[in-house]
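In: sequence first, predicted model second:
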Amino acid sequence: MSDQNNTDPLKDLELAFLPSWAQEPKDAKPYADFAGRDKSRGRSRGDWGDSPRRRDGNRNRDTKGRDDRTNRNRGGERRQGFQSRDGNRSPNRKGNFRRNDTPPRPPLELDVFIRPERNGVEALAKQIKSTGRAYPLFDIARLIIAKGERYEAVFQVKRNESGEVLQQLFFCQVDETIWLSQEQAIDHILSKHFDTFYKSEKTEIDPPKGTYTFVAQCGMSDEILGPPNNHGYQEKLRSLHAERFARLPFDVYKSRVKIVRDEEIVKQWIEQQSFKTDYIAINLPEETKLETLELVRDHFREHHSANLIARVETVAIKGNIYAKKSPPRMQNLVRRAYEEQRRFPIKVVNMLSQEFSSHGLQFFKRKKSVTHVSVSRPHHLDLENTPVSESIRDIVSFIDETEKGTRRQVLEKFAPEGDEKSDSKVSSERTAVMSDLHWLVHQGHVIEYASGQMEVAPKPQPPQQKKKKPKANKKTEAASNKSTVETEKNIQVKETDTPAVNKEGDTPAVNKEGDESGNTHGGEAQPVSGEKVDEETSTSVSE
């Protein structure tokens, strides 16, 4: 198959996740001779007779306002819906009304994020180094999220301002499950691995005396509780509620207990009471006999919980098994984090970049848009100033001139296959061309993308120098602004000033300072009479 027909550019990376035996091509075709099923054996879901489909005769009827007409009286006024005595309307029959509905619980105070599985990342890094191709980083992240065995769900505790843990995590070492409390972990071990720590023995005792015509039975689990007047009825009722239905209020659970008058069920309860079950602890230096499950629980908490249940702050579970190893509330957090990364895997990309960098891989952007990861960054090869061999010069020139060239085209150009595959001359030429290509790709002079397309590393453009504006001194700038303001004021004063003329002659008025403007009142020109000027002149002469 040629490189142009390869529709999945990440197929070779996806094979890196598989073991070696699974990477071999499959030659066997188990369904080659399959002719299809015989439809005469039975009907399919849609084959229910040959009668034509019934048409709806009322399809074109106008149903607008049908619901509105039913709620109106003869006068056209809308009827009032039925209301109870307190003024509230009755709930709709089709509504989501549930009796004794408990309010939703607040979300867990935990940090959950998706992390690529480290063994898979190492396999990807080896594949990228061996091929030398450049792969889009975001496509690799989506490839990892596509399957649960390729990523891990990481749970991490949160702390408040004082440093206290808001929600604790407990790790069960028996089956590597994670739980929100120690009691949940103990319940899980005793329900799934009870035979590992204890064994039960039944001994026959005298059946209960008396005549029993009815017994009480749990309406949710169908477990027989016995007659309500029996001495062990209340104890068994409360223990069953505490073990399996602790979320329900006890009065609500008690209301769901039913009275059964079936003879077979009564007989079954009598047979159960004819035997006594004892529990013996095993895998201990001394065997201990326990009479009730409560004693078993206390014994397990005292002797086994410290070694099997550990309090942790961070734990990682594989994405394909987290639903089996965590409670439902924690599974909701994982689904939310998964959907967020499935839409835009930026967090997975950041983790991948750190892991790939530790393996020596490089990153670059193609046309300043898509981030790629490869063994080397693009490094332009200047053929005019760099001494290289003629074969390398010819290969670079051919790839530069060929649009969307591939490795196969380079080999067909410089080392075509002959009629005899055993020709040593042809094989040596192909080996030389492949070694030159290998050097060019790993040095970054030629870039080979995941689709097989090859291109020459572009010539780096010189950085554009930005023109910087000279920064003016603040003091000089303030002084220049002040001078401009003063000149503008002087220009305005000269425009508004007019010379004062006396009655006797056209002589301007002169003030004491010798200013001809006569501006003594805030810059405004004030006309002065001739008599006042004579008086001032005489006073000055006498003085």
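Out: Great, that's in hand. Numbers count the residues shown, from 1 in each chain.
In: low-confidence ranges in the stretch 401-543 of the chain?
Out: For the stretch 401-543 of the chain, the stretches flagged by pLDDT under 70 are 418-426, 466-543.
In: for this protein, name the helix or strand with the lowest mean pLDDT.
Out: Least confident element among the helices and strands of the chain, by mean pLDDT, DSSP states H and E: helix 530-542 (a mean of 40).
In: show me where the protein dips below the pLDDT cut-off.
Out: Residue ranges of the chain with pLDDT under 70: 1-12, 15-104, 418-426, 466-543.
In: for the stretch 251-400 of the chain, just list every one of the helices.
Out: Along the stretch 251-400 of the chain, counting by DSSP state H, counting those that start in this stretch, helices occupy 263-273, 293-303, 305-308, 328-343, 346-358, 390-401.
In: what are the buried residues along the following helix or strand past the last one?
Out: The helix or strand immediately downstream of helix 390-401 is helix 407-414, counting by DSSP states H and E. For helix 407-414, burial by neighbour count (16 or more other CB atoms under 10 Å) applies to 407, 409-411, 414. (Glycine included, C-beta is placed from N, CA and C.)
In: check contacts around residue 217.
Out: 223-225, 257-260, 265 (CB atoms under 8 Å, 6 or more residues apart in numbering).
In: out of everything not next to it in sequence, what's closest to it?
Out: Among residues not flanking residue 217 along the chain, residue 260 sits closest, at 4.8 Å (CB to CB, 6 or more residues apart in numbering).
In: can you tell me how far that neighbour is from residue 448?
Out: Using CB to CB, to the nearest Å, we find residue 260 at a distance of 76 Å from residue 448.
In: cool, residue 388 as well?
Out: Residue 388 is 19 Å from residue 448, where distance means CB to CB.
In: could you do residue 157 as well?
Out: Taking CB to CB as the measure, residue 157 falls 45 Å from residue 448.
In: these two: who's more crowded?
Out: Legend: neighbour count by other CB atoms under 10 Å for residue 157 and residue 448, higher for residue 448 (21 against 17).
In: ok but that one is inside a helix, no?
Out: No. Under DSSP: H, G, I helix; E, B strand; the rest coil, residue 448 falls outside any helix and is assigned strand.
In: for it, which residues are in contact?
Out: Residues near residue 448 by CB under 8 Å, 6+ apart: 131-134, 407, 441, 454.
In: which of those has the largest number of neighbours?
Out: Highest neighbour count within the contacts of residue 448: residue 134, with 27 neighbours (other CB under 10 Å).
In: and the gap between that one and residue 233?
Out: 74 Å.
In: what's the answer for residue 315, then?
Out: Taking CB to CB as the measure, residue 315 falls 42 Å from residue 233.
In: then residue 383?
Out: Remark: distance between residue 383 and residue 233 (CB to CB) = 96 Å.
In: try residue 252
Out: Distance, residue 252 to residue 233, using CB to CB: 18 Å.
In: and for residue 377?
Out: For residue 377, the distance to residue 233 (CB to CB) stands at 78 Å.
In: so which of those two has more stuff around it?
Out: Legend: neighbour count by other CB under 10 Å for residue 377 and residue 233, higher for residue 233 (16 against 13).
In: identify the residues contacting that one.
Out: Taking CB under 8 Å, 6+ apart, we find residue 233 in contact with 216, 225-227.
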